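Enquirer: pasting the structure only:
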């Protein structure tokens, strides 16, 4: 089945230690998104790629970076995680940027910062 | 700006009860409207959507009608099951400009046997 895969499902890191979260997709979609979801809150968009074009949300901290080396893979890098960065990180894809396009979500990576 | 307002939860119902989760939105023009569901420990799944006024989205017994006059997209199900226990998010994408999803705060539904 075509799907969005996130690895690992659970990640523990130490305060200030860089961490990378991974997302891959078999849908061949043009757009890939990263969301941050804190406990009992709505997902918040961090950035998205349309093909190789990177689009950062205005309020995304500089501590968060992303890479998309090819259509299938997208990475979220947190350069110096703080306690406030503990959250579920959701990757999503869509075929295009049309507002009617469904976004397909992965299962998420739960990040714990010690 | 765009925003989505959902009724606060948790909503606790007995099995086979009728469900309504209210959702209203603020946006210019005709946004596309979505309901996503998040089961415990999982990512979000699209439940249903409507892309123009008076459209009705439906899936797995759930329905929602796009009401432009009341800027609403309320989620309904006639008979809930324990397996419907989850968090439900109402969301929109605007008709023009940046097409990112704007989510409501989510409503937790708990269905008791």
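Expert: Good, I have the coordinates. In this text the structure is predicted, and so the values were computed from the model without any measurement.
Enquirer: ok, what's across the strand from the closest residue to residue A:102 other than its chain neighbours?
Expert: Distances taken as CB to CB, 6 or more residues apart in numbering or on different chains put residue B:46 closest to residue A:102, at 5.1 Å, once the chain neighbours are dropped. Heads up, the C-betas are built off the backbone N, CA and C, glycines and all. Residue B:46 forms beta bridges with residue B:36, as assigned by DSSP bridges.
Enquirer: chain B against chain A: which residues are in contact?
Expert: B:31-32, B:34, B:36, B:41-46, B:49, B:51, B:89, B:93-95, B:99-101, B:103-106 (CB under 8 Å from any CB of the partner chain).
Enquirer: just give me the neighbour total for residue 65.
Expert: Because you didn't say which chain, this covers chain A. By other CB atoms under 10 Å in any protein chain shown, the residues close to residue A:65 number 17.
Enquirer: should've been chain B
Expert: For residue B:65, the count of nearby residues is 17 (other CB under 10 Å).
Enquirer: show me what contacts it?
Expert: Going by CB atoms under 8 Å, 6 or more residues apart in numbering or on different chains, residue B:65 touches B:50, B:54, B:55, B:56, B:57, B:73, B:74.
Enquirer: what lies in contact with stretch A:96-106?
Expert: With contacts defined as CB under 8 Å, 6+ apart, stretch A:96-106 is touched by A:3-6, A:23, A:25, A:27, A:29-31, A:33, A:50, A:90-95, B:31-32, B:34, B:36, B:43-46, B:49, B:51, B:93-95, B:99, B:101.
Enquirer: can you say which of those are buried?
Expert: With burial judged by 16 or more other CB atoms under 10 Å in any protein chain shown, the buried subset of the contacts of stretch A:96-106 is A:4, A:6, A:23, A:25, A:29-31, A:33, A:90-94, B:31-32, B:34, B:36, B:43-44, B:46, B:49, B:51, B:93-95, B:99, B:101.
Enquirer: would residue B:63 count as being in a strand?
Expert: Yes. Judged by DSSP: H, G, I helix; E, B strand; the rest coil, residue B:63 forms part of a strand.
Enquirer: chain neighbours aside, what residue packs nearest to it?
Expert: Spatial nearest neighbour of residue B:63, chain neighbours left out: residue B:76 (5.3 Å); criterion: CB to CB, 6+ apart.
Enquirer: list the contacts of whichever strand or helix holds residue B:57.
Expert: Assigned by DSSP states H and E, residue B:57 belongs to strand B:56-59. With contacts defined as CB under 8 Å, 6+ apart, strand B:56-59 is touched by B:33, B:35, B:47, B:48, B:49, B:50, B:63, B:64, B:65, B:66.
Enquirer: what does stretch A:38-56 give?
Expert: By CB under 8 Å, 6+ apart, the residues outside stretch A:38-56 that reach it are A:30-37, A:57, A:60, A:64, A:66, A:68, A:71, A:74, A:76, A:86-88, A:90, A:97, B:44, B:89, B:100-101, B:103-106.
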